[in-house]
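J.: Have a look at this prediction, sequence included:
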Amino acid sequence: GENVEQHPSTLSVQEGDSAVIKCTYSDSASNYFPWYKQELGKRPQLIIDIRSNVGEKKDQRIAVTLNKTAKHFSLHITETQPEDSAVYFCAAYSGAGSYQLTFGKGTKLSVIP
Amino acid sequence: NAGVTQTPKFQVLKTGQSMTLQCAQDMNHNSMYWYRQDPGMGLRLIYYSASEGTTDKGEVPNGYNVSRLNKREFSLRLESAAPSQTSVYFCASRPGQGSYEQYFGPGTRLTVT
């Protein structure tokens, strides 16, 4: 099955700096890669996703890049704000009709004012 | 439109007791999922239902059973609870038909003593 590795597990940045979280996956058939944000005590919420036919996607201060050859994808947050503090999870769907989403173990991002 | 709802929000069980966690969605989604979330472990798939009438094991199915009661409802049963099943349980649903995003419920915090 799919295996998703995520790092770092914790990340502290100064407000206004950029944050980068990286994930690798094992199944070359994986075709969809979402990122979820989870605030303390809340449910995971999708913040951005990318499909395997696209190399980069941007939504305001958030961007995701995908390198299919190397089987890794990254989340970039620019101009970080205190409200970006949360746990971020990457995930991957395998292709060929798989219904299973495999998650990384999460990155706790702290933005220091 | 309530989205994905879960009951109860909190539950404390004694070892050996049984209980059923309820999940319902009102978005006419085809696929539904049960995850558990433990500190430092991310979200791990317990069981899923790709469509009404089907269920399949995920990564950590031991000690659990599920029922896809109808298109709206997907329940998770613990027959004989163990302390190792102390966790936060999330239900999620997905439209299917080429749409990959999963929508999460608010979670159930279960403690087994």
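T.: Done, it's in. Residues are numbered from 1 along each chain as shown, chains lettered A, B, ... in the order given.
J.: list the contacts for the nearest residue to A:Ser26 once chain neighbours are set aside?
T.: Residue nearest to A:Ser26 in three dimensions, not counting chain neighbours: A:Asn3, with 4.2 Å by Cβ to Cβ, 6 or more residues apart in numbering or on different chains. Placement of C-beta: from N, CA and C, glycine included. Counting by Cβ atoms under 8 Å, 6 or more residues apart in numbering or on different chains, A:Asn3 makes contact with A:25-27, A:102.
J.: What of B:Tyr35?
T.: B:43-46, B:89-92.
J.: neighbours of A:Lys108, just the number please.
T.: Other residues near A:Lys108 come to 16 when the count uses other Cβ atoms under 10 Å in any protein chain shown.
J.: what residues does chain B put near chain A?
T.: B:31, B:33, B:40-45, B:48, B:50, B:56, B:58-59, B:90, B:94, B:100-102, B:104-107 (Cβ under 8 Å from any Cβ of the partner chain).
J.: now with 6 Å?
T.: B:31, B:42-43, B:45, B:48, B:50, B:100-101, B:104, B:106-107 (Cβ under 6 Å from any Cβ of the partner chain).
J.: And the buried ones among the residues you listed, selectable in ChimeraX?
T.: ChimeraX command restricting the residues of chain B next to chain A to the buried ones, with burial defined by 16 or more other Cβ atoms under 10 Å in any protein chain shown:
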select /B:31,42,43,45,48,50,100,104,107
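J.: which of the residues of chain B next to chain A lies closest to A:Ile21?
T.: B:Gly42 (13.0 Å; Cβ to Cβ).
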